[in-house]
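Asker: here is the input, now give the coordinates:
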Amino acid sequence: MIVVDDFIQDKYILDSFSDVELWNSLDDGKYRTWDGTGYTPHEAIGDYIWHLKNKFWADRTWDKFEYWVNITNETQTLDWHVDKDEALAEEGKTVSPQIGAVWYGFPHKVWGGYLEIENTQEISPDIERIKPVYNRVVVFDVSQEHRVAPILAGNRYGMQVNLW
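Answerer: I've put the predicted structure just below:
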């Protein structure tokens with residue numbers, strides 16, 4: 001797992017993601033894919049994904065990126081799960097992305113809503129807890145069980161990107 005604060009330094013990208021309407025338009029339950037060509041629905045999304053790829057995944061081969069937004073609050077939960085190909089999961093097969101990331105790109109104020117990742121790699125299994133801080137990116141193995149801990153107040157804005 002890698003955690004980086006103040007991840008995006010590009011003012012254009014940060015300003016673009018400070019628009020709550022962008023986040024609301026992307027929080028529609030849809031997973032979007034991008035193969036690295038052309039433009040995404042919003043140019044800053046492509047800029048962000050390229051920044052993420054070049055920083056952490058430059059050495060990996062890939063077919064596509066999948067991205068989506070979750071805006072959660074105290075009335076919503078995102079329970080324990082692994083990221084996987086949903087169509088194959090319906091056939092009983094679990095195929096996960098190579099790697100994933102969550103980025104807190106909206107200047108939110110939230111109490112709770114930690115990203116919790118089950119750590120089964122150590123001698124003594126435990127749960128890693130990462131606070132959803134503005135402009136923080138968390139890169140991790142999304143085939144491990146993870147969830148969003150309960151939110152006590154505010155809205156949590158997260159953009160997820162998986163590399164396939």
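
Asker: in the chain, where is pLDDT below threshold?
Answerer: Counting by pLDDT under 70, the ranges of the chain that qualify are 41, 121-124.

Asker: quick one, helices of it?
Answerer: With DSSP state H, the ranges of helices along the chain come out as 11-17, 20-26, 43-56, 86-90.

Asker: out of those helices, which is closest to Asn135?
Answerer: Closest approach to Asn135 among the helices of the chain (C-beta to C-beta): helix 11-17, 7.0 Å. In this view, the C-beta of every residue, glycine as well, is placed from N, C-alpha and C.

Asker: what about Glu43, neighbour count?
Answerer: 12 (other C-beta atoms under 10 Å).

Asker: excluding covalently adjacent residues, which one is nearest to it?
Answerer: Of all residues not flanking Glu43 in the chain, Ser16 sits nearest, at 7.7 Å (C-beta to C-beta, 6 or more residues apart in numbering).

Asker: distance-wise, check the one you found relative to Trp80.
Answerer: 32 Å (C-beta to C-beta, to the nearest Å).

Asker: what are the contacting residues of stretch 90-105?
Answerer: The contact list for stretch 90-105, computed with C-beta atoms under 8 Å, 6 or more residues apart in numbering, reads 7-8, 13-14, 17, 48, 52, 56-57, 60, 62, 66, 82-85, 88, 115, 132-143, 156-164.
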